[in-house]
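# sequence and computational prediction follow.
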Amino acid sequence: MQYTVVLEKGDSSYGAFVPDIPGCIAVGESQEEVLKLIKEGIEFHLEGLLEDGFPTPRPHCEFREVVVNIS
């Protein structure tokens, strides 16, 4: 499955979260690190759901860029 991941750059780190999986977040010192950690977090979260007999959330978020013009 392929999930949308949102990256945020902070003052000293990067954050990531998955809109389709509430509570699935990660923080890292670089984009590469946070992407690695969020992938591991997604896998861990989904495996836990399956082990507990719950369905895995299906991806439904999409990425779209919106251009905004401000005068």
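Structure's in. What do you need?
# quick one: the helices in this protein?
Secondary structure of the chain, counting by DSSP state H: helices at 31-51.
# which residues of it fall in strands?
Listed in chain order, the strands of the chain (DSSP state E) span residues 6-9, 14-17, 25-28.
# just checking, what packs against the second one?
Of the remaining helices and strands, those touching strand 14-17 by 3 or more Cβ pairs under 8 Å, 6 or more residues apart in numbering; DSSP states H and E are strand 6-9, strand 25-28, helix 31-51. Where C-beta positions appear, they are placed from N, C-alpha and C, glycine not excepted.
# please report the distance of residue 46 from residue 4.
15 Å (Cβ to Cβ, to the nearest Å).
# just residue 31 next, same as before
For residue 31, the distance to residue 4 - Cβ to Cβ - is 16 Å.
# what do you get for residue 24?
On the measure of Cβ to Cβ, residue 24 and residue 4 end up 11 Å apart.
# shared neighbours of the two, anything?
Shared contacts of residue 24 and residue 4 (Cβ atoms under 8 Å, 6 or more residues apart in numbering): residue 18.
# between these two, which one's more packed in?
Neighbours were counted for residue 24 and for residue 4 using other Cβ atoms under 10 Å; residue 24 has more, 19 against 14.
# need the pLDDT of the more buried one.
The confidence metric pLDDT takes the value 96 at residue 24.
# ranking the strands of the chain by burial, who's on top?
strand 14-17 (a mean of 19; mean count of other Cβ atoms under 10 Å).
# that one pairs with which strands, and in what direction?
strand 6-9 (antiparallel), strand 25-28 (antiparallel) (DSSP bridges).
# I'd like these as JSON lines, with distance to residue 18 appended.
Formatted as JSON lines, the strands paired with strand 14-17 follow (distance: least, Cβ to Cβ, whole Å):
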{"stretch": "strand 6-9", "distance to residue 18": "8"}
{"stretch": "strand 25-28", "distance to residue 18": "8"}
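# and residue 67, which of these is closest to it?
With Cβ to Cβ as the measure, strand 6-9 is the member of the strands paired with strand 14-17 nearest residue 67 (18.4 Å).
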